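Student: A structural model of the following input is requested.
(chains A and B)
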Amino acid sequence: MRLNTASETISFLKDLESRSAGFYEALARNHQAEGELFLVFAKENKKNITTIERTYFGVITDAIEGCFAFQIDPEAYVIRTEALPGSYADSLAKALEMEDTIVRFYLDAAGQSKCLMADVPRVMERIAKVRGERRKRLQDMLDKAG
Amino acid sequence: MAILEEPIKGVPLVKNFVNGEWIEPKGSVVEVVNPAKGEVIAKVGVSTKDDIDNAVEAAKAAYPDWRRTPPLARSRILFRLKELLEENFEELSRIQTQEHGKCIDESRGETRRGIENVEVACGIPTLQQGYYSEDIATGIDEWVIPTPLGVFGIIGPYNFPFMIPLWSAPYAVATGNTVVIKPSSEVPLSQMRLVELADEAGFPPGVWNVVNGGRTVVNGMLEHRDIKGITFVGSTPTGRDVIYRKCGETGKRVIAQCGAKNFMVVMPDCNVPRTVAALLTSFFGNTGQRCLAGANLVIVGDDPQFYRSFMDRMVEAAAAMKIGYGLDESVQMGPLRDKEKKQKVLMYIESGIKEGAKLRLDGRKPTIIGGYHDDCFLGATVFEDVRPDMRIGNEEIFGPVMSVLTASDLQEAIQLCNDSCFGNGHAVFTSNGATAREFQYNVMSGNVGINIGITAPVAFFPFSGTKDSFFGDLHTQGKEAIRFFTESKVIIQRWF
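Tutor: The predicted structure is shown next:
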């Protein structure tokens, strides 16, 4: 089932952010040396939820095509956050994979909604950019761990 | 998709809010039904003449102090209301879906539009400023003070239970008047929650009152000598023959925003994918229960290939719409407000078939996500080969029905628009600037869309309308609302 409405797309995004935050919180518990950084990531994720929702609530009106804004296949953006693998390197690899998926989702959603709700794609692109920096950091950590 | 949590629990009794207190109306009680689920979600008291008289008396008593409250102080209360509306944005939106049936995206859009009017009214210290001329004759100065008038009545419809009273109320109270709002008794919960927040924001008792009920309340407002003006949104027969006429008889100011039959004119040079998306929202958004909804689609030109390909795309998109309970976030179209309204739309569909239009997409047996009973649901319906003399071509259906007509050129399309007795929100879809200008220049419509399917003006522009779509002079929203709710007091001064 494709995501078509603004509401379900924003909810899907919130779910990605929320589960990703949970993943980093678990990482922080399991790998305390980098715990502080992972908690910062989790906090950023939660802030992203607030930012996205506030922006969406700020621009949605009955005059734009909110119910027909997106054509997104959610199956293409599945992240796995349920169980942490044993090693630190495996966890970082999983985090990287997750970040790639979330950034892809942000950019896809931003591209599709640009013509409707300008503020929402702008915020999505900004978050995707910040996550790109996070990704680099995770890659550095993985390189060192490897 | 999971259903979002419903904010209305149990079956509350909706009371009147008068003079800062919740008061049980003296009349009978009617049920408020969630149209998607068929469940009773509230009961609302029907007010008597005494109830409306008491509310007007309270509003009149509150007026002198409120008028003396400085505009800046009034503005700060409105700012506080705006903050509270933002804090409760999601709850307010879900209430609309629960009581009306519209999709959650549409409800959130309605909430935003309502809040925008509060935001604009927050600018009252400058919006209500008068103007001044020195030396209109030697030693004589003259100026204008926009002064409030007293008590205003605001009569809301069922299709936008939260937003429409906010086209008027923030401006009325910002300018120093007091109000009595009568929501539709089919959907009273949004205004109940709104007035709770208005009270919390700090409006003094008697400034913002809500009285629930039906004709008795409306007649009580119309005949009450202490009500200085009325804003109304609803059907043309009521707006024209009751509200406008009676306000004339009793010397009240009036804004009566009424019915419509909006034409969406599609030129062959339009951006097809964007136009189709805009038309889906226009014709089927809010399940067609909107005075700015598209009703007649006019495809211009003699190119049968363009017609076929455009209509194939349009019908395919309309048929794919997800129908169900609006609190399911995947749903793109909710139910009609109640069974009677569905029956009325069905009657029009039957009429279209009988009059010889081609039923291209039949929405009478829709697939409903979630398995809800189809008491109030209809799918998108598309008729082709419609003529303007057919009932589906010239009467307001107020449901998800698209009537497709053709015109050989732009002039003929404009003529079709102008032959309609309504003039609310016609639109053209084109990529040609000259075409767009010719359309907007010649079409007789209060609001005109150019590549916009729902020509809803934002809060700092008037919500216009003409012909049988509007009765009155000034309009709701923005500067015109400020003028409507104030009298120009002109001072001419000379000192000896």
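Student: CA only for contacts and neighbour counts going forward, please
Tutor: Will do.
Student: Look at residue A:64 and report its pLDDT.
Tutor: On pLDDT, residue A:64 comes in at 79.
Student: tell me the contacts of the residue of chain B found nearest chain A?
Tutor: For chain B, the residue closest to chain A is residue B:109, as judged by Cα to the nearest Cα, at 3.4 Å. By Cα atoms under 8 Å, 6 or more residues apart in numbering or on different chains, the contact set of residue B:109 is A:57, A:59, A:60, A:61, A:62, A:63.
Student: OK, contacts around residue B:327?
Tutor: Contacts of residue B:327 (Cα under 8 Å, 6+ apart): B:3, B:4, B:5, B:6, B:94, B:97, B:98, B:103, B:104.
Student: Now with 6 Å, please.
Tutor: B:3, B:4, B:104 (Cα atoms under 6 Å, 6 or more residues apart in numbering or on different chains).
Student: could those residues be laid out in a markdown table, adding secondary structure?
Tutor: Output for these, formatted as a markdown table (DSSP: H, G, I helix; E, B strand; the rest coil):
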| residue | secondary structure |
| --- | --- |
| B:3 | strand |
| B:4 | coil |
| B:104 | helix |
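Student: Of those, keep whichever come out buried.
Tutor: Applying 16 or more other Cα atoms under 10 Å in any protein chain shown to the contacts of residue B:327, the neighbour count classes residue B:104 as buried.
Student: Any idea which of the contacts of residue B:327 the model trusts least?
Tutor: Among the contacts of residue B:327, pLDDT bottoms out at residue B:3, giving 93.
Student: Please name the bridge partners of it.
Tutor: residue B:328 (DSSP bridges).
Student: Residue B:467 now?
Tutor: Here residue B:467, judged by DSSP bridges, has bridge partners residue B:422.
Student: residues near it, how many?
Tutor: Other residues within reach of residue B:467, judged by other Cα atoms under 10 Å in any protein chain shown, total 18.
Student: Could you list the residues of the stretch 251-400 of chain B in contact with chain A?
Tutor: Counting by Cα under 6 Å from any Cα of the partner chain, the residues of the stretch 251-400 of chain B close to chain A are B:281, B:329, B:330, B:332.
Student: Around residue B:103, how many other residues sit close by?
Tutor: For residue B:103, using other Cα under 10 Å, the count is 34.
Student: Leaving aside the residues adjacent along the chain, what's closest to the closest residue to chain B within chain A?
Tutor: Taking Cα to the nearest Cα, chain B has its nearest neighbour within chain A at residue A:61, 3.4 Å off. In space, and not counting its chain neighbours, residue A:61 is closest to residue B:109: 3.4 Å by Cα to Cα, 6 or more residues apart in numbering or on different chains.
Student: swap in residue B:252?
Tutor: Nearest one to residue B:252, counting by Cα to Cα, 6+ apart, is residue B:229 at 4.7 Å.
Student: Which strands or helices does the helix or strand where the one you found lies pack on?
Tutor: When elements are assigned from DSSP states H and E, residue B:229 belongs to strand B:227-233. Helices and strands touching strand B:227-233, by 3 or more Cα pairs under 6 Å, 6 or more residues apart in numbering or on different chains; DSSP states H and E, are strand B:151-155, strand B:253-257.
Student: State the paired neighbours of it in the sheet, together with their directions.
Tutor: Counting by DSSP bridges, strand B:227-233 is paired with strand B:151-155 (parallel), strand B:253-257 (parallel).
Student: average model confidence for that strand?
Tutor: 98.
Student: Contacts for it next, please.
Tutor: Contacts of strand B:227-233 (Cα under 6 Å, 6+ apart): B:151-157, B:252-258.
Student: which one of those residues sits closest to residue B:321?
Tutor: Closest to residue B:321 out of these is residue B:157 (26.2 Å), distances taken as Cα to Cα.
Student: In contact with whatever residue is furthest in space from the centre of chain A, which residues?
Tutor: Of all residues in chain A, residue A:63 has its C-alpha farthest from the mean position, at 28.0 Å, by Cα atoms, centre = their mean. When contacts are counted by Cα under 6 Å, 6+ apart, residue A:63 touches residue B:454.
Student: Quick check, central residue of chain B?
Tutor: Geometric middle of chain B (Cα atoms, centre = their mean) lands on residue B:164, at 4.7 Å.
Student: Leaving out chain neighbours, which residue sits closest to that one?
Tutor: Per Cα to Cα, 6+ apart, closest to residue B:164 is residue B:156, 6.3 Å.
Student: For residue B:408, which residues are in contact?
Tutor: B:300, B:301, B:302.
Student: Just want the phi and psi numbers for the nearest residue to the first one once chain neighbours are set aside.
Tutor: By that I understand residue B:300. With Cα to Cα, 6+ apart as the criterion, residue B:300 has its nearest non-adjacent residue at 4.8 Å, and that residue is residue B:407. Backbone geometry at residue B:407, expressed as degrees, to the nearest 10, gives phi -140, psi 140.
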